[in-house]
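S.K.: Sequence isn't available, so here's the structure alone:
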DNA sequence: TTATATTTGCAACATAATTGCATTAAAATG
DNA sequence: CATTTTAATGCAATTATGTTGCAAATATAA
């Protein structure tokens, strides 16, 4: 299925978003990567195809609709990845672990690893969990050792 | 023990840092709070007692020496808290859960809650874990309901 | 094809963080 | 206690990140 564009267009329409060039481009970039993509990288790749502000707004809209989710890496930089199915505007289901590689700085969504339930002190009410593991990813682990 | 200052001076000397006013002030502020303290708050409280840049450098030095640790909240804002004993320049031991309150936005270090061990895909090597729970803290939980 | 509602781009602004450098102050030395 | 050395501070300038208001452009509905 090389016809990503058609798929993306459907995705936009489904979420009540208009089919615009910047939005399609963001989806194209994000879907072509195996790890979460940083805002600075997106900005660089899109170049002058779209304004900085537009990029921020596209990302914000996508996040609100549950199309992508944001992960902050250890430096506080925003990274984005396409959500798994089941995320919607009302509810994100991205409670998987994110892995931040010290070497290549990629952020992987470890969809298969669930965050374990947590015991918190009395009174605290946990709504969301966000676990970032840092270390070496499979690829870098090989290269370095 | 109201003689914090003497204690802080020792802490600085032990870490090869000179006893300066901005450093003592930062330690004073951080130790007087029950939750992690944001950079903006520190900046505001210190006012013109110290330059912004000095504050950044003090925080950086403290973090490197293992005196404080940094936690990024859900907005990516840097927050700082004094480390538990056992942290040093070589090794931080802050693998406790951080709790980010949606209401008061405080960040609590839940020292008693350990992050559970994690199974990651083959090849990945976990070095550090960072778990942020978001929800309502005990205080706000009371007030709201 | 036109009307409407979104979306974009631009300009300006806000905040967070970093760097280089001259000045100042703390601690070490004699 | 005076002096030297080394570390830390303050200032100015710069970069990165993110936001807001508004006019112009464009996608879609009518």
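M.R.: All right, it came through fine. Computed from a predicted model, the values in this text were never measured in an experiment.
S.K.: who in chain A is up against DNA strand C?
M.R.: A:16-18, A:20-23, A:49-51, A:53-54, A:57-58, A:61, A:76 (Cβ under 7 Å from any atom of the strand). C-betas here are computed from N, CA, C, even on glycine.
S.K.: Now, of those, which are buried?
M.R.: Neighbour counting by 16 or more other Cβ atoms under 10 Å in any protein chain shown classes A:17, A:23, A:50, A:54, A:58, A:61 among these as buried.
S.K.: Within reach of DNA strand D, which of these are there?
M.R.: Okay, of those, nothing touches DNA strand D (Cβ under 7 Å from any atom of the strand).
S.K.: wait, isn't residue A:73 in contact with residue A:133?
M.R.: No: assessed by Cβ atoms under 8 Å, residue A:73 is found out of contact with residue A:133, at 11.5 Å.
S.K.: joint contacts of those two?
M.R.: residue A:100 (Cβ atoms under 8 Å, 6 or more residues apart in numbering or on different chains).
S.K.: quick one: which of these two has more around it?
M.R.: Between residue A:73 and residue A:133, residue A:133 has the larger neighbour count (other Cβ atoms under 10 Å in any protein chain shown), namely 23 against 20.
S.K.: So that one belongs to a helix, correct?
M.R.: No: assessed with DSSP: H, G, I helix; E, B strand; the rest coil, residue A:133 is strand; it does not lie in a helix.
S.K.: Who's the closest spatial neighbour of the residue lying farthest from the centre of chain A, skipping the chain neighbours?
M.R.: Most distant residue from the mean C-alpha position of chain A: residue A:122, 32.6 Å away (Cα atoms, centre = their mean). Leaving aside its chain neighbours, residue A:122 sits nearest to residue B:138 (6.9 Å; criterion: Cβ to Cβ, 6 or more residues apart in numbering or on different chains).
S.K.: Can you name the residues bridging to residue A:82?
M.R.: residue A:68 (DSSP bridges).
S.K.: Looks like it contacts residue A:31 (just checking).
M.R.: Yes: if you go by Cβ under 8 Å, residue A:82 and residue A:31 touch, sitting 5.9 Å apart.
S.K.: Those two: which has the busier surroundings?
M.R.: The neighbour count for residue A:82 versus residue A:31, taken as other Cβ under 10 Å, is higher for residue A:82 (18 against 12).
S.K.: does any part of the longest helix along chain A sit near chain B?
M.R.: Counting residues, the longest helix found in chain A (DSSP state H) is helix A:52-65. No: with Cβ under 8 Å from any Cβ of the partner chain as the criterion, chain B is not reached by helix A:52-65; the gap is at least 12.5 Å.
S.K.: Next: stretch A:21-39.
M.R.: No: Stretch A:21-39 does not reach chain B (Cβ under 8 Å from any Cβ); its nearest approach is 10.6 Å.
S.K.: ok so, going back, since we're on the residue nearest to residue A:122, how many residues are nearby?
M.R.: Residue B:138, neighbours per other Cβ under 10 Å, totals 15.
S.K.: contacting residues around it?
M.R.: Residue B:138 neighbours (Cβ under 8 Å, 6+ apart): A:121-124.
S.K.: Can you add pLDDT, secondary structure and distance to DNA strand D and give those back as TSV?
M.R.: As requested, the contacts of residue B:138 are arranged in TSV below (pLDDT from 0 to 100; DSSP: H, G, I helix; E, B strand; the rest coil; distance: Cβ to the nearest atom of the strand, whole Å):
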residue	pLDDT	secondary structure	distance to DNA strand D
A:121	91	coil	31
A:122	92	coil	34
A:123	93	coil	30
A:124	94	coil	27
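S.K.: check contacts around residue A:113.
M.R.: The contact partners of residue A:113, by Cβ under 8 Å, 6+ apart, come to A:96-97, B:118-121.
S.K.: swap in residue A:139?
M.R.: A:104, B:123.
S.K.: Alright, I will stop here.
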